[in-house]
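Visitor: Here is my input; please provide its structure:
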Amino acid sequence: MAQKQINKQAKQAARKRSKREKRFKAVVYIMILAMVLTLFTTGLAMFL
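Guide: Coordinates of the predicted model:
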């Protein structure tokens, strides 16, 4: 019984990411990138 549960967990860990997970990850990366760009432009605006 415990062996089946371990196998099930291993299969879930090995499966491909769903479209929703990929999209969510992409949105998070875009948001981080936007924040970094905003910091750079704010810094440049202080020197101009």
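
Visitor: and Arg20, what element?
Guide: Assigned by DSSP states H and E, Arg20 belongs to helix 19-47.

Visitor: Tell me how far that helix lies from the chain's centre.
Guide: 12 Å (C-alpha atoms, centre = their mean, to the nearest Å).

Visitor: give the contact list for the residue nearest in space to the middle of the chain.
Guide: With distances taken as C-alpha atoms, centre = their mean, Lys25 lies nearest the centre of the chain, 3.0 Å away. Under the criterion of C-beta atoms under 8 Å, 6 or more residues apart in numbering, the neighbours of Lys25 are Arg17. No exception for glycine: its C-beta is placed from N, CA and C like everyone else's.

Visitor: pLDDT averaged over the helix holding Arg20 - what is it?
Guide: The pLDDT scores in helix 19-47 average 94.

Visitor: re the thing from before, roughly how far apart are the residue nearest to the centre of the chain and Met46?
Guide: In this view, Lys25 and Met46 are 33 Å apart by C-beta to C-beta, to the nearest Å.

Visitor: got it, and Thr38?
Guide: In terms of C-beta to C-beta, Thr38 sits 13 Å off from Met46.

Visitor: And the two? Which one has more around it.
Guide: Using other C-beta atoms under 10 Å, the more surrounded residue of Thr38 and Met46 is Thr38, with 10 against 6.

Visitor: does Arg17 count as helix, strand or coil?
Guide: Classification of Arg17 by DSSP: H, G, I helix; E, B strand; the rest coil places it in coil.

Visitor: got the phi/psi numbers for it?
Guide: phi -70, psi 150 (degrees, to the nearest 10).

Visitor: contacting residues for it?
Guide: By C-beta under 8 Å, 6+ apart, Arg17 lies in contact with Lys25.

Visitor: and Ile48, how many residues sit next to it?
Guide: Small correction: residue 48 is Leu, not Ile. 4.
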